[in-house]
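Chemist: Below is the sequence, then the predicted model.
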Amino acid sequence: MSEMMLRDAVVRLTLLTRSFEQGGVRIDVLRGVNLAVAPGEIVALLGPSGSGKSTLLQAVGLLEGGFGGRIEIDGVDASALDGDARTVLRRDKVGFVYQFHHLLPDFNAIENVVLPQMVAGKTRGEAEARATELLDALGLGARLDHRPSQLSGGEQQRVAVARALANRPTLVLADEPTGNLDEKTADTVLGQFLELVRGTGSAALVATHNERLALSMDRVVRLHEGVLQ
Ligand SMILES: Nc1ncnc2c1ncn2[C@@H]1O[C@H](COP(=O)(O)OP(=O)(O)OP(=O)(O)O)[C@@H](O)[C@H]1O
């Protein structure tokens, strides 16, 4: 599908740039990235360590400023928004899964999935029903009361997946979501993640080093010398 023809893109990046300066040396990490992701499309973002995958996901997730070019999320030009409006756009449209789970340590599995839903305005009853449905689908029905420290690495990542999908985001951003797990667990968790993303109808942009896992997604893009190939 031609990127130019993709009118209803969930994400559209146009000539996205980002440079960092350290010790007087400037590194141009993103040098004009163009990307359009269709609704429901799952895109693997491949690239060697240091190529800028995390930097790109931070841009799309509206987590950091300092970018040149244009970032549109679901048709909204994010660069035209102030900080509060960006926060609302992120909260309403985007779910995140990181390499390390970033769960709240003092809350159990179900509470970690309930909280972002309550922030988004759901009632506790609705939020608990959705959290239970997701955690059950991820095989964690017997672990709802466990805190992160009482869960294995794979189980922690599954809770993080449930949290990311709880508000039915238009877009899920995942940065090496299984990079911290052994190969077998990584395959299982990624398979469940992709199945749930498909079930939710979300689009996803998934950064990974793993070519094999990338090939199970709808499309692969590669970050090389600051642009996508
Ligand atoms: N805040 C920052 N200040 C200075 N340099 C930075 C900053 N953030 C990232 N960089 C540099 O930008 C480059 C890209 O980093 P980034 O983390 O996006 O790569 P990556 O492809 O996600 O790598 P990895 O696969 O190892 O996670 C690296 O050279 C990094 O050192």
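Modeler: Cool, got the structure. Residues are numbered from 1 along each chain as shown.
Chemist: switch to C-alpha atoms for all contacts and neighbour counts from now on
Modeler: Fine.
Chemist: contacting residues for the most centrally placed residue in the chain?
Modeler: Centroid check for the chain by C-alpha atoms, centre = their mean gives residue 173 as the closest residue, at 1.4 Å. Contacts for residue 173 (C-alpha atoms under 8 Å, 6 or more residues apart in numbering) come out as 57, 61, 94, 95, 96, 97, 204, 205, 206.
Chemist: wait, the fourth one sits on residue 172?
Modeler: Okay, so that is residue 95. Yes. Counting by C-alpha atoms under 8 Å, residue 95 touches residue 172, with 4.6 Å between them.
Chemist: what sits in contact with each of those two?
Modeler: Common contact partners of residue 95 and residue 172 (C-alpha under 8 Å, 6+ apart): 164, 165.
Chemist: Quick one: list the elements packing against the longest helix along the chain.
Modeler: When the chain is parsed with DSSP state H, its longest helix is helix 183-200. Contacts defined by 3 or more C-alpha pairs under 8 Å, 6 or more residues apart in numbering; DSSP states H and E place helix 183-200 against helix 153-165.
Chemist: Direction included, what does the helix or strand that comes right after the helix it packs on pair up with?
Modeler: Heading C-terminal from helix 153-165, the first helix or strand you meet, by DSSP states H and E, is strand 171-175. Strand pairing for strand 171-175, using DSSP bridges, gives strand 94-97 (parallel), strand 203-208 (parallel).
Chemist: who wins for proximity to the ligand among the ones you listed?
Modeler: With C-alpha to the nearest ligand atom as the measure, strand 203-208 is the member of these nearest the ligand (7.3 Å).
Chemist: And the next helix or strand after the closest one, what does it pack against?
Modeler: Downstream of strand 203-208, the first helix or strand assigned by DSSP H and E is helix 211-214. For helix 211-214, the packing partners by 3+ C-alpha pairs under 8 Å, 6+ apart come out as strand 42-46.
Chemist: and the angle from the strand it packs on to strand 203-208?
Modeler: 20 degrees (axes from the mean of the first three to the mean of the last three C-alpha atoms, to 10 degrees).
Chemist: List the contacts of the next helix or strand after strand 42-46.
Modeler: Next helix or strand after strand 42-46 toward the C-terminus (DSSP H and E): helix 53-60. Residues outside helix 53-60 that contact it (C-alpha under 8 Å, 6+ apart): 11, 30, 45-47, 64-65, 67, 71, 73, 173-175, 205, 207, 223.
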